[in-house]
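Student: what follows is a predicted structure for the sequence shown.
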Amino acid sequence: MMDATGRSGPTPLQDLVYGSTEMNPNPHQMLAKVLDPSRSGPVARRGRLLALAAGAVGVLLGLTIALGTMRPLAAGGGQGDSGPSLASLGAGGHEAQSGTTSVAHGASATASDELPGPEALSTVFIEVAGRIKPAVVNISTEKVESAMPFEHPGLGGPLDDFFERFFGGDERRRSLGSGVIIDPHGYILTNNHVIEQADEIEVQLSDDARYGANVVGTDPETDLAVIRIESDEDLPFASLGDSDRLVVGEWVLAIGNPFGFGHTVTAGIVSAKGRVIGQGSYDDFIQTDAAINPGNSGGPLVNMRGEIIGINSSIVSATGGSMGIGFAIPSNLAHKVYDQLVDHGSVTRGWLGVGIQQLSPDLARSFNLEGKKGAIVSEVKGDDSPAARAGLKAGDVIVGFNGQPVDSDTTLVRLVADVRPGQVVEVQYYRDGELKSTEVELGTRAVNAQLEEPESERTERGRLGVSVQDLTPQIASQLGISTDAGVVVLEVAPAGPAADAGVRRGDIILEANREAVRNVDDLETQLRGVPPGGDLLLRIERVGRGQSGFLWISVKLE
């Protein structure tokens with residue numbers, strides 16, 4: 001056949017399918033010819049047959065192409081293509097030592113990405129565990145305590161001999177845990193509770209060598225400690241990774257050396273990040289379902305690049321064994337603590353000088369900040385505190401600190417702690433709905449100082465649902481507070497708005513809707529100004545655990 005230029009060439013596909021040399025045939029005409037034999041001749045009938053054949057071939061070709069692009073999502077590692085190893089899918093999306101495919105950090109796999117099979121997973125687990133094991137140590141401690149169940153009077157003579165013989169002597173308490181060497185000169189990171197109050201500490205390495213260890217420094221508030229062993233040679237060590245790059249669902253290994261029996265390795269995933277479990281002011285735990293059994297405390301949680309991304313700390317368990325809920329201290333927090341302990345032997349943290357609480361949706365509505373997140377200042381601690389000098393007041397809602405957003409009270413606690421005393425930082429806050437900023441020179445936080453508000457209970461009662469009276473000097477003295485004006489809550493009705501909001505018997509009401517409450521009349525005045533269904537914002541002082549604290553409570557009135 002000749003083409004339009006007179007050259008011969010292959011028959012156009014249109015000719016084979018439709019029996020026509022028309023380059024742009026009308027689809028309606030073609031469909032009519034296929035369906036109505038009377039409208040076509042032999043060439044058209046031949047075209048219809050070819051059309052049907054070509055259509056079938058096209059369907060088969062399409063299926064072949066579609067199926068050819070799909071790979072099994074859980075291939076077991078076939079002969080020709082075993083797929084990428086887990087290392088290539090590991091933390092942070094960085095391509096590791098084997099495999100050719102990497103998944104971007106936090107991105108989901110596409111149809112063309114092949115997940116590793118069991119053999120590939122095993123290979124990576126073996127490689128990571130083998131790399132980390134030499135740095136993981138067993139820590140055994142011994143504490144000597146008097147076995148005397150009571151203090152005897154020390155009368156002298158045979159009675160003393162009697163007490164010493166039958167009740168005296170020392171009792172040696174032993175405990176075991178794990179740790180990880182993170183410096184070739186013998187510095188070991190572990191949990192504080194592993195070595196707390198120990199009189200003797202012995203460290204056993206993976207080659208069974210044993211060393212006596214000295215405490216470099218401890219930080220009970222984060223449950224971290226650094227100990228050191230002396231060796232003539234450099235010791236195997238592991239590196240701290242970046243825990244901020246962890247992704248929920250990422251594979252991790254928990255490694256320990258409990259009970260002196262040797263190393264244990266358990267595998268799991270990162271179940272959650274930023275967990276607050278009530279262990280202290282700096283709760284920011286990594287949750288994992290990798291088993292963290294007794295004796296594994298202080299050992300490392302590692303990613304698929306063999307980096308330490310957490311220090312195993314605790315488990316939630318009704319039996320004492322693993323139930324798939326384990327917690328590890330993030331490596332970034334551990335790194336900061338480690339540096340200070342090695343350099344100074346203790347940890348120094350910044351102090352803002354405020355009592356704070358979470359900005360709940362109810363409080364946000366009362367402060368006209370719906371949709372906002374932050375930390376409410378419930379108290380400024382003294383006229384000479386850093387916050388007071390910077391002009392911060394109770395009722396300010398802090399939303400930014402040192403260039404970082406503040407979305408919760410726990411976030412602010414961690415951000416303040418990360419700043420060295422004496423450093424000047426910017427604080428952004430809302431006051432009366434207006435965004436403001438100020439500069440604060442941080443002080444030094446005292447050990448065990450509390451920045452959080454006292455915990456609140458739910459108890460409930462009338463329009464406000466409370467019985468109150470003016471605060472008297474006698475009542476203030478009984479409660480152990482210094483406030484000289486306000487209204488004390490004598491009784492809370494169990495089914496009222498105040499109880500529902502968390503007001504308690506003994507609370508001192510100091511403000512209502514941002515106005516000072518000096519007596520019962522002031523409180524009643526503010527109550528009259530709130531329509532049914534409206535909010536009454538109370539600022540109260542509450543005594544608990546031998547000290548008082550301040551907090552805001554929003555009460556929806558009936």
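Tutor: Sure, I can see it.

Student: got phi/psi on D362?
Tutor: Backbone geometry at D362, expressed as degrees, to the nearest 10, gives phi -60, psi -40.

Student: hang on, it packs against S554?
Tutor: Yes. Using C-beta atoms under 8 Å, D362 is in contact with S554, at 4.3 Å. Yep, even glycine has a C-beta here, placed from its N, CA and C like the rest.

Student: which neighbours do the two share?
Tutor: Common neighbours of D362 and S554, using C-beta atoms under 8 Å, 6 or more residues apart in numbering, are A501, D535.

Student: burial of the residue lying closest to I308 once chain neighbours are set aside, as a residue count?
Tutor: For I308, ignoring the flanking residues on the chain, the nearest one in space by C-beta to C-beta, 6 or more residues apart in numbering is P300 at 4.4 Å. Neighbours of P300 under the rule other C-beta atoms under 10 Å: 32.

Student: residue contacts, P300?
Tutor: The contact partners of P300, by C-beta under 8 Å, 6+ apart, come to I132, A135, V136, V180, A238, A254, I255, I308, G310, I311, N312.

Student: element containing D283?
Tutor: Using DSSP states H and E, D283 is not contained in any helix or strand.

Student: quick check: it vs A375, distance?
Tutor: 15 Å (C-beta to C-beta, to the nearest Å).

Student: when these two are compared, which one has more neighbours?
Tutor: Neighbours around D283 and A375, counted as other C-beta under 10 Å, are more numerous at A375. The numbers are 26 against 17.

Student: tell me how far that one lies from A387.
Tutor: Distance of A375 to A387, given as C-beta to C-beta: 12 Å.

Student: how many neighbours does Q423 have?
Tutor: Neighbour number of Q423 under other C-beta under 10 Å is 12.

Student: ignore what I typed, I meant S554.
Tutor: Residues lying near S554 (other C-beta under 10 Å) number 18.

Student: what pLDDT does it get?
Tutor: The model reports S554 with a pLDDT of 89.

Student: can I get the CA coordinates of the helix or strand harbouring it in CSV?
Tutor: Take DSSP H and E as the rule and S554 turns out to sit in strand 547-556. Extracted in CSV, the C-alpha atoms of strand 547-556 (Å, rounded to 0.1, in the frame of the first residue of the first chain):
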residue,chain,number,x,y,z
GLN,A,547,1.2,23.8,99.0
SER,A,548,-1.1,26.1,97.1
GLY,A,549,-1.5,26.6,93.3
PHE,A,550,-3.6,28.7,91.0
LEU,A,551,-5.7,27.7,88.1
TRP,A,552,-8.5,28.9,85.8
ILE,A,553,-11.9,27.2,85.7
SER,A,554,-14.7,28.0,83.2
VAL,A,555,-18.2,27.2,84.5
LYS,A,556,-21.2,27.1,82.2
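
Student: okay, now the sheet partners of it, with direction.
Tutor: Here strand 547-556 has these sheet partners by DSSP bridges: strand 535-544 (antiparallel).

Student: run through who's touching the partner strand.
Tutor: Residues contacting strand 535-544 (C-beta under 8 Å, 6+ apart): 362-363, 365-367, 378, 394-395, 454-455, 464, 479-481, 483, 486, 503-504, 506-514, 526-527, 530, 548-557.

Student: now do the helices in the stretch 151-300 of the chain.
Tutor: Counting by DSSP state H, counting those that start in this stretch, the segments of the stretch 151-300 of the chain that form helices are 158-167, 192-195.

Student: weakest of these by average pLDDT?
Tutor: Averaged per stretch, pLDDT over the helices of the stretch 151-300 of the chain is lowest on helix 158-167, reaching a mean of 53.

Student: break this protein into its domains for me.
Tutor: Listed domain ranges for the chain are 13-61, 124-148+162-344, 350-444, 466-556 (source: automatic domain parsing).

Student: including distance to G117, could the ones you listed go into JSON lines?
Tutor: Compiled in JSON lines, the domains of the chain are given as follows (distance: least, C-beta to C-beta, whole Å):
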{"stretch": "domain 13-61", "distance to G117": "30"}
{"stretch": "domain 124-148+162-344", "distance to G117": "11"}
{"stretch": "domain 350-444", "distance to G117": "40"}
{"stretch": "domain 466-556", "distance to G117": "53"}
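
Student: where in this protein is the helix or strand with the lowest mean pLDDT?
Tutor: Lowest on mean pLDDT, DSSP states H and E among the helices and strands of the chain sits helix 13-18, with a mean of 34.

Student: picking that back up, now the residue nearest to I308, which residues is it bridged with?
Tutor: With DSSP bridges as the rule, P300 is bridged to I311.

Student: returning to what we had before: the domains of the chain: lowest mean pLDDT?
Tutor: domain 13-61 (a mean of 45).

Student: the strands in the stretch 201-350 of the chain, which residues?
Tutor: Along the stretch 201-350 of the chain, counting by DSSP state E, counting those that start in this stretch, strands occupy 210-219, 224-229, 251-256, 264-275, 285-288, 300-302, 308-315, 326-330, 350-351.

Student: turn those into a markdown table, columns for distance to P494.
Tutor: What follows is the strands of the stretch 201-350 of the chain, written out as a markdown table (distance: least, C-beta to C-beta, whole Å):
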| stretch | distance to P494 |
| --- | --- |
| strand 210-219 | 43 |
| strand 224-229 | 44 |
| strand 251-256 | 46 |
| strand 264-275 | 33 |
| strand 285-288 | 36 |
| strand 300-302 | 46 |
| strand 308-315 | 36 |
| strand 326-330 | 36 |
| strand 350-351 | 39 |
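
Student: which among the contacts of P300 gets closest to D432?
Tutor: Nearest to D432 out of those is G310 (C-beta to C-beta; 42.3 Å).

Student: same question for stretch 353-360: list its buried residues.
Tutor: By 16 or more other C-beta atoms under 10 Å, the buried positions in stretch 353-360 come out as G353, V354, G355, I356, Q357, Q358, L359.

Student: the second one contacts S385, correct?
Tutor: Yes. With contacts defined as C-beta under 8 Å, V354 counts as touching S385 at a distance of 7.5 Å.

Student: where do the strands sit along the stretch 451-558 of the chain?
Tutor: 466-470, 487-492, 508-512, 515-516, 535-544, 547-556.

Student: let's have those in CSV, adding distance to P294.
Tutor: CSV is the format used below for the strands of the stretch 451-558 of the chain (distance: least, C-beta to C-beta, whole Å):
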stretch, distance to P294
strand 466-470, 48
strand 487-492, 43
strand 508-512, 45
strand 515-516, 54
strand 535-544, 33
strand 547-556, 35
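
Student: so which of the ones you listed gets nearest V416?
Tutor: Taking the strands of the stretch 451-558 of the chain one by one with C-beta to C-beta, strand 547-556 is closest: 17.2 Å.

Student: ok, the residue nearest to G268 when sequence neighbours are not counted to E119 distance?
Tutor: Sequence neighbours aside, A290 is the residue nearest to G268 in space, at 3.0 Å (criterion: C-beta to C-beta, 6+ apart). Distance of A290 to E119, computed by C-beta to C-beta: 20 Å.

Student: compare those two (neighbour count), which wins?
Tutor: The neighbour comparison of A290 against E119 (other C-beta under 10 Å) goes to A290, with 25 against 13.

Student: wait, P473 sits on A485?
Tutor: No. The pair P473 / A485 is not scored as a contact, 10.6 Å apart, by C-beta under 8 Å.

Student: quick one, which of the contacts of strand 535-544 are buried?
Tutor: Of the contacts of strand 535-544, these count as buried by 16+ other C-beta under 10 Å: 362-363, 366-367, 378, 394-395, 454, 464, 479, 481, 486, 503-504, 506-513, 526, 530, 548-557.

Student: what residues does G186 make contact with?
Tutor: Residues in contact with G186 (C-beta under 8 Å, 6+ apart) are Y211, R228, I229, E230, S231, L235.

Student: can I get the residues you listed in a markdown table with distance to R542 and neighbour count?
Tutor: Below are those laid out as a markdown table (distance: C-beta to C-beta, whole Å; neighbours: other C-beta atoms under 10 Å):
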| residue | distance to R542 | neighbour count |
| --- | --- | --- |
| Y211 | 50 | 19 |
| R228 | 44 | 20 |
| I229 | 48 | 22 |
| E230 | 51 | 10 |
| S231 | 53 | 14 |
| L235 | 51 | 19 |
